[in-house]
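Based on what follows, work out the 3D shape:
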Amino acid sequence: MAKMTRHGARRLRRRVTASVPRREYLARVLKYGLVEKDLVDDDARELRRFVNLKHNMHGHRCVVYAQSLHAFTKHDALVTVYPLPHELIAIADKLCHAKRERIDTANRVHHNERRRLKTMAWRAKRKKLSYIQELQLRLDPLQ
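This next block holds a predicted model:
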């Protein structure tokens, strides 16, 4: 769970308008935000330079989300929030959207796989077969 310093809470309140509670917003920042390893595209060169500049100035972990750069300590406590320069906002939005789609797709696949396994277990119970026998039937239907 993300924490906030007093300064970070003040900066978040003044510089970011979010429609969700602050703790939930910070959880989204940590989950969907762009960290340095996400900024490897040629398009993101200027954004990476800006993030590295702020990181080298303060030594905090920097995360880009919602047209802002959020600086966190190593224990995930928000220190401060900087607005992104106007020329970097479009790049950041595009990369954030791509990362969110990637994460949501992975979650959907995981959810669908859990549902499929639960259905298989239910069918096996209904047929009085064990779960392993049901898997073997699925793998080798000619058996």
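
Let me see the contact set for the residue nearest to E36 when sequence neighbours are not counted.
Leaving aside its sequence neighbours, E36 sits nearest to V51 (Cβ to Cβ, 6 or more residues apart in numbering; 6.3 Å). C-beta here means a position set from N, CA and C on the backbone, and glycine is covered the same way. Contact analysis of V51 by Cβ atoms under 8 Å, 6 or more residues apart in numbering lists 36, 39, 62, 64, 69.

Wasn't the third one part of a helix?
When you say that, I think you mean C62. No: remark: C62 does not belong to a helix; assigned using DSSP: H, G, I helix; E, B strand; the rest coil, it is strand.

just to revisit the earlier point, just the buried members of the contacts of V51?
Applying 16 or more other Cβ atoms under 10 Å to the contacts of V51, the neighbour count classes 39, 62, 64, 69 as buried.

want to try a markdown table for these, with distance to Q133 and pLDDT as columns?
Shown next, in a markdown table, are the buried ones among the contacts of V51 (distance: Cβ to Cβ, whole Å; pLDDT from 0 to 100):
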| residue | distance to Q133 | pLDDT |
| --- | --- | --- |
| L39 | 49 | 85 |
| C62 | 52 | 90 |
| V64 | 50 | 92 |
| L69 | 55 | 91 |
